[in-house]
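S.K.: One predicted model, sequence on top.
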Amino acid sequence: MLTTRRRVLMVDSAEATLKTLALELPSPPKALASYVPVQQVGELLYTSGVIPSWNGDVQFRGVVGADVSVKDAARAAEICALNIMALIRQHAGSLDRVEQFIQLSGFVRSAAGFEEQPKVLNGASDLIYKVFGERGRHTRQALGTSELPLGVPVEISAIIRLKP
Amino acid sequence: MLTTRRRVLMVDSAEATLKTLALELPSPPKALASYVPVQQVGELLYTSGVIPSWNGDVQFRGVVGADVSVKDAARAAEICALNIMALIRQHAGSLDRVEQFIQLSGFVRSAAGFEEQPKVLNGASDLIYKVFGERGRHTRQALGTSELPLGVPVEISAIIRLKP
Amino acid sequence: MLTTRRRVLMVDSAEATLKTLALELPSPPKALASYVPVQQVGELLYTSGVIPSWNGDVQFRGVVGADVSVKDAARAAEICALNIMALIRQHAGSLDRVEQFIQLSGFVRSAAGFEEQPKVLNGASDLIYKVFGERGRHTRQALGTSELPLGVPVEISAIIRLKP
């Protein structure tokens, strides 16, 4: 029992899990104007809205339910989550500094009558849970919208509590 | 004067007011995926976006200004507020643990040219003020959008400060 | 060098910068219902969503990319920023009480296919940076939407950290 408990404690590392899953992070998104990618206040880290770009190149464009499938949109949401992780690592030094994900706000560019925004955002939520375990369980705003910057199908921002 | 003051102090109970108004709460909404309905950090409670469902059954669907009237949409917003209260009671044990509502973010699925999102969201804001008094006075984002999960006409999330 | 450094320290006043730029603030927006314009919790100040009104009169209506140009919409975003400053001054007594802007959430009412929400919101972000310097550098959610209250082209809310 002690061994099991020790092992659980030992694998409470998001960085280790990321390696196990063979996941790589993109370079963290840069601010493009008078704003910044993250701001910390106390233990809370706020991110700007991130889009499905990889090292600055937009990976998906279009409208979910029209020219983007739910599957592709969920992949786009995964990429948003990886960008959020890249911001955390850049700011805090390591993903293991995360105490708890508090909230994801996700906007899905939706065709008329498209109602499956939660399925799209599960791409981000499931990946964060996979990497961070219970520390990854967040509240979520799942919203549809008509248009997003650069024509991307999804934009997500996060509030994260860091360890003291 | 003492009597009056005592009485005011005695009725500073959202649970008592709820009973006086003969209002019932639905069962608190459950997380459907890798996210959770609430997260607390310090004294702040963040909720996920809630929709007008009662014990899990969606009560309203449609587009406000088209197939949903402002009156029905305001009722849908009231139901969102009752779901938020259900989450607070489940998490904190009692509505009387609320120190102050800090913010409501409300999204109204709007027909082209519909501009009365504030009237819709007043359904939630007015009910919260009725139940919590000054502790219920929140900041508010009143926004329109084109689509929402499950085709509902309104989605609301909240930030609440709990008593220490 | 000492002189320069002293000068930089001396001009770390948003109120002084506002005067230098000959900028005036509107009267702070009032709550129209059961909500309030701001709520403070600890050092964090949350604002309600503000629209491009001046002393209560809406200055811009319409859809960006259709009947409102990017230039006019950016001016509308500037007016939102001035309203946020008016709320801060009213609540905290002076803009110099700002420790750091934490986040702006901006929604742009967008024509079909309009992708330049960031350019619109730069109207607010750039002005805040101009007035507050590094203290004005915030995270940002830049989002498109189909409809907004009163038909305005942009709505912005803010989270600001005040000095203790």
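M.R.: Perfect, I can see it now. As the structure is a prediction and not an experimental result, all values here were calculated from the model. Numbering: from 1, shown residues only, chains lettered A, B, ... in the order given.

S.K.: Identify the residue nearest A:His125 in space, chain neighbours excluded?
M.R.: Actually, residue A:125 is Ser. It isn't His. B:Ser34 (4.1 Å; CB to CB, 6 or more residues apart in numbering or on different chains). (C-beta placed from N, C-alpha, C; glycine too.)

S.K.: residues near the one you found, how many?
M.R.: As a burial measure, B:Ser34 scores 21 neighbours (other CB atoms under 10 Å in any protein chain shown).

S.K.: residues in contact with it?
M.R.: For B:Ser34, the contact set (CB atoms under 8 Å, 6 or more residues apart in numbering or on different chains) comprises A:122, A:125-126, A:128-129, A:136-137.

S.K.: Check whether the top helix by length along chain A comes near chain C.
M.R.: In chain A, taking DSSP state H as the definition, the longest helix is helix A:70-92. No. Judged by CB under 8 Å from any CB of the partner chain, helix A:70-92 makes no contact with chain C; its nearest approach is 9.7 Å.

S.K.: Which SSE is immediately downstream of that helix?
M.R.: strand A:98-109 (DSSP states H and E).

S.K.: and the residue in chain A positioned nearest to chain B, bridged to which residues?
M.R.: Closest contact between chain A and chain B, by CB to the nearest CB, is at A:Gly144 (3.2 Å). Note on A:Gly144: beta-bridge partners A:Val108, judged by DSSP bridges.

S.K.: can you tell me the helix or strand for the nearest residue to A:Arg75 once chain neighbours are set aside?
M.R.: Spatial nearest neighbour of A:Arg75, excluding adjacent residues (CB to CB, 6+ apart): A:Gly123 at 6.2 Å. Under the criterion of DSSP H and E, A:Gly123 resides in helix A:117-132.

S.K.: Show me what that helix packs onto, helices and strands only.
M.R.: Other helices and strands packing on helix A:117-132, by 3 or more CB pairs under 8 Å, 6 or more residues apart in numbering or on different chains; DSSP states H and E, are helix A:14-20, helix A:70-92, strand A:98-109, strand A:139-145, strand A:154-162.

S.K.: let's see it at 6 Å
M.R.: Applying 3 or more CB pairs under 6 Å, 6 or more residues apart in numbering or on different chains; DSSP states H and E, one finds that helix A:117-132 contacts helix A:14-20, helix A:70-92, strand A:98-109, strand A:139-145.

S.K.: Make TSV out of the contacts of B:Ser34 and add neighbour count and pLDDT.
M.R.: Listed next are the contacts of B:Ser34 as TSV, based on neighbours: other CB atoms under 10 Å in any protein chain shown; pLDDT from 0 to 100:
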residue	neighbour count	pLDDT
A:Asn122	23	97
A:Ser125	28	98
A:Asp126	18	97
A:Ile128	27	98
A:Tyr129	19	96
A:Gly136	22	97
A:Arg137	20	96
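
S.K.: Can you give me the distance of A:Ser125 to chain C?
M.R.: Going from A:Ser125 to chain C by CB to the nearest CB, to the nearest Å gives 18 Å.

S.K.: Verify the contact between that residue and B:Val36 for me.
M.R.: No. Shown here, A:Ser125 and B:Val36 do not form a contact pair, counting by CB atoms under 6 Å, at 10.0 Å.

S.K.: picking that back up, would you mind finding the most buried of the helices and strands packed on helix A:117-132?
M.R.: Ranked by mean neighbour count, the helices and strands packed on helix A:117-132 are led by strand A:139-145 with a mean of 27 (mean count of other CB atoms under 10 Å in any protein chain shown).
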